[in-house]
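*Asks:* test case, fold it:
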Amino acid sequence: MSVVLPNSVFFHIGRTGGHWVSHVLWRAGLIQDRLYPLHLTPAQANAGGALSPRPASFCFVRHPVSWLASLWLHEMEFGWGQSGVGAAASDHFPTFVERMLATFPKGPCSHAMAPYVDHCSFVGRTESLSSDLGQALNHAGEAFDPALLAIPPINESAIPKLRVAAKAPAALLERVMAAESAFCERFDYQGVPEKFVADSVEPVWPLIRARADDGACDKALQFDLVQPRFDYHLDDGGVIASKGHERATQWALTQAVEGLAPGSTCAVVSESDPYFAYLAGDHGCSPVTFVNSADAATSAPLLGRLAGEVTTQPLETFLKSSEPTLDALVFCDSLEISIAAEMELIHAALVLKPGGQLVFTAPILHAPVSVRTLWGLNASGRKLSYYSLPYIDTLLANLGFSQVEIVRTIFEVPSEEHASEAHALADALGTDRDRLLGKAIIRARRQDAGPSAISREDLVKLWLLRRPVDFMHTPTDGLPIAAQATIAMLKAQLAEERQKRTQAQQGMADREQELIKTRVNLAALANDADYSRQQIGLARGEAAAALQQLHALRNQIEHMGVEALQASRPAPEDGPAQPVPPEA
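*Replies:* Residues are numbered from 1 along each chain as shown. The predicted model follows:
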């Protein structure tokens, strides 16, 4: 997503590593605003003056062949048409390349990137994404920690089958380079990367066995009576295309189901689509049961077109079973539509044998704490429960599952109408808004009986009582969204604050004791001071008396001196007394 920084704007060209760039910018604390739609061009951003001018802007480009391969991988994984290249759609990469060259003879990569590179002050390359991002930020005068440039990249596709299939003959790829010659010269791209060269590639979709139905399924498709959630590629060459955009889930679940051991007893639970039941059967699982959680939603023409040996069972019948009879259990969508997905996982713990494998999809909330919340509406108008991965880990551990593996994580970018709500929730959880919501395809194994696994008796009670909170340490529901988002963090903080409070109270008690001692000492000092003042007063009185005695003695001494002087002079013999002359 294109984002606004303090001094610049980053414009996201699709399939050039822009999601990684946006995440690094978020980690650096530089994002001030996010621009919609996802791949907004500079001209669109500046139209009408909605975007305040910035002194710099930057984007990234990619090798034309590598870009075409990445584009094909993305469209194959997430569904065609979202990026405007639906006319070139093909499950065969060389055919896709041919169609792109026919549509854009002057170069498909040049056509896609020209609206960006001609209007940005800095253009980096995906092949040197980290170092070029550092140059772009320095060029714009943005303040950031260079250590963030070492954040691992985001894989463009986690589906091995697709990565292997993104190859084409060398002559075809040389035609791409010839059409992109001006672009390659400008950004110094030379030659065709060897990893994209192959004379031929195998089909990527698994084939489902079909049987003749006299066109009944095709007629049902014309009248929208068959609306599968997943795409069916049949072994007779037919294709039953889905109406939704569930390809990423289909690829990840396919990878998980193909990992089941042949011969496994398997049940597949789905609200509407039996695809993975038939895939498991064609892969070698036996017997296979399709548990139909919404009988009216599953089309009879669709079931009649498929030739796999699969038994169909209503959800009510499946839920009555509590014996461990299954080697594998697949939940395609039940956790996504349930407001209490814990119950499905409890039942999985009941019916799986020790060592049995569980595969399920779950809406996830990217958060470092154990939390569950409700978010938005699904296609049926129902709210979805979202779970953080720590919440799911705790839940599975308490139910006796181990070897938990995330097969695939698919992130969802919140729509513009939910942007402010997503921003508030992401801030509360301390996570990137673009990675807040998503879906995880998860695989786990039922443990053998052991001290860490909940007893079967407790599982049965739990299933009957329908109260997970009585048996598992998981967050409760029914709180406002803001509380749901922060409840786990607050619980952790509460214990810490209680400890700090106890320490503070003890500290206050210690200070009070010290204060009492200080007051006693001060009182003693005050008494000593009063006594000292009394002694000083007595001493002053004695000194005054001594001073008076000293003055009296001085007077006596002076008087005695005068008398002694007079006595030392002789008296006259005759005549009157003569006056004594004054001393010189």
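
*Asks:* contacts and neighbour counts: CA atoms only from here.
*Replies:* Fine.

*Asks:* please, where are all the strands along the stretch 401-550 of the chain?
*Replies:* 401-412, 437-446 (DSSP state E, counting those that start in this stretch).

*Asks:* hang on, Lys106 packs against Ala179?
*Replies:* Yes. Between Lys106 and Ala179 a contact is recorded at 5.3 Å, counting by C-alpha atoms under 8 Å.

*Asks:* most packed of the strands of the stretch 401-550 of the chain?
*Replies:* Highest mean neighbour count of these: strand 437-446, a mean of 22 (counted as mean count of other C-alpha atoms under 10 Å).

*Asks:* send me it as PDB with only the CA atoms.
*Replies:* Output of strand 437-446 as PDB, limited to C-alpha atoms (Å, rounded to 0.1, in the frame of the first residue of the first chain):
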ATOM      1  CA  LEU A 437      -6.400  -9.700   9.800                       C
ATOM      2  CA  GLY A 438      -6.000 -12.800   7.800                       C
ATOM      3  CA  LYS A 439      -6.500 -16.500   7.500                       C
ATOM      4  CA  ALA A 440      -4.300 -19.400   8.600                       C
ATOM      5  CA  ILE A 441      -4.400 -23.000   7.300                       C
ATOM      6  CA  ILE A 442      -3.200 -25.000  10.300                       C
ATOM      7  CA  ARG A 443      -2.200 -28.700  10.700                       C
ATOM      8  CA  ALA A 444      -1.800 -30.500  14.000                       C
ATOM      9  CA  ARG A 445      -1.700 -34.100  15.400                       C
ATOM     10  CA  ARG A 446      -3.700 -35.700  18.100                       C
END
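
*Asks:* by contact count, what packs against that strand?
*Replies:* Applying 3 or more C-alpha pairs under 8 Å, 6 or more residues apart in numbering; DSSP states H and E, one finds that strand 437-446 contacts helix 247-257, strand 352-365, strand 401-412.

*Asks:* quick one on the thing from earlier: name the residue in Lys106 and Ala179 with the higher neighbour count.
*Replies:* For Lys106 versus Ala179, neighbours defined as other C-alpha atoms under 10 Å are more numerous around Ala179 (20 against 17).

*Asks:* pretty sure that one is touching Gly107, no?
*Replies:* Yes. Contact criterion C-alpha under 8 Å: Ala179 and Gly107 qualify, at 4.8 Å.

*Asks:* so where's the stretch 401-550 of the chain uncertain?
*Replies:* Residue ranges of the stretch 401-550 of the chain with pLDDT under 70: 449-453, 465-495.

*Asks:* would you map the helices across it?
*Replies:* Per DSSP state H, counting those that start in this stretch, the stretch 401-550 of the chain carries helices over the ranges 419-429, 456-465, 481-568.

*Asks:* of all those, which lies closest to Arg443?
*Replies:* Among the helices of the stretch 401-550 of the chain, the nearest to Arg443 by C-alpha to C-alpha is helix 456-465 (20.3 Å).

*Asks:* using PDB, list the CA coordinates for that closest one.
*Replies:* Output of helix 456-465 as PDB, limited to C-alpha atoms (Å, rounded to 0.1, in the frame of the first residue of the first chain):
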ATOM      1  CA  ARG A 456     -11.400 -38.500  27.100                       C
ATOM      2  CA  GLU A 457     -13.900 -38.300  30.000                       C
ATOM      3  CA  ASP A 458     -13.300 -34.500  30.300                       C
ATOM      4  CA  LEU A 459     -13.600 -34.100  26.500                       C
ATOM      5  CA  VAL A 460     -17.000 -35.900  26.500                       C
ATOM      6  CA  LYS A 461     -18.200 -33.700  29.400                       C
ATOM      7  CA  LEU A 462     -16.900 -30.600  27.600                       C
ATOM      8  CA  TRP A 463     -18.700 -31.600  24.400                       C
ATOM      9  CA  LEU A 464     -21.900 -32.300  26.300                       C
ATOM     10  CA  LEU A 465     -21.800 -29.100  28.400                       C
END
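
*Asks:* list the buried residues in that helix.
*Replies:* 456, 459-460, 462-463 (16 or more other C-alpha atoms under 10 Å).

*Asks:* ok, how many other residues are close to Thr312?
*Replies:* Counted with other C-alpha under 10 Å, the neighbours of Thr312 add up to 17.

*Asks:* quick one: least confident helix or strand in the protein?
*Replies:* helix 334-337 (a mean of 70; mean pLDDT, DSSP states H and E).

*Asks:* what helix or strand does Ala267 sit in?
*Replies:* Ala267 is part of strand 266-270, with elements assigned from DSSP states H and E.

*Asks:* after that strand comes which helix or strand?
*Replies:* The first helix or strand that comes after strand 266-270 along the chain, using DSSP H and E, is helix 275-283.

*Asks:* show me what that next one is in contact with.
*Replies:* Contact partners of helix 275-283, identified using C-alpha atoms under 8 Å, 6 or more residues apart in numbering, comprise 206, 208-209, 230, 232, 254, 257-258, 260, 262, 266-268, 287-290, 306, 308-310.

*Asks:* which of the residues you listed count as buried?
*Replies:* Listed as buried from these are 208-209, 230, 232, 254, 257-258, 260, 266-268, 287-290, 306, 308-310; burial here means 16+ other C-alpha under 10 Å.

*Asks:* want to throw the buried residues of helix 456-465 into a markdown table with distance to Leu25?
*Replies:* A markdown table is the format used below for these (distance: C-alpha to C-alpha, whole Å):
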| residue | distance to Leu25 |
| --- | --- |
| Arg456 | 49 |
| Leu459 | 46 |
| Val460 | 49 |
| Leu462 | 46 |
| Trp463 | 46 |
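
*Asks:* ok, so of these, who is nearest Thr95?
*Replies:* Of all these, Thr95 sits closest to Trp463, with 52.2 Å by C-alpha to C-alpha.

*Asks:* residues in contact with the closest one?
*Replies:* Contacts for Trp463 (C-alpha under 8 Å, 6+ apart) come out as 343, 346-347.

*Asks:* next, format those as TSV and append secondary structure.
*Replies:* Shown next, in TSV, are the contacts of Trp463 (DSSP: H, G, I helix; E, B strand; the rest coil):
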residue	secondary structure
Met343	helix
Ile346	helix
His347	helix
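
*Asks:* minimum pLDDT in those, which residue is that?
*Replies:* Lowest pLDDT of the contacts of Trp463: Met343, 81.

*Asks:* distance check, it against Pro228.
*Replies:* Distance from Met343 to Pro228, counting by C-alpha to C-alpha, to the nearest Å: 26 Å.
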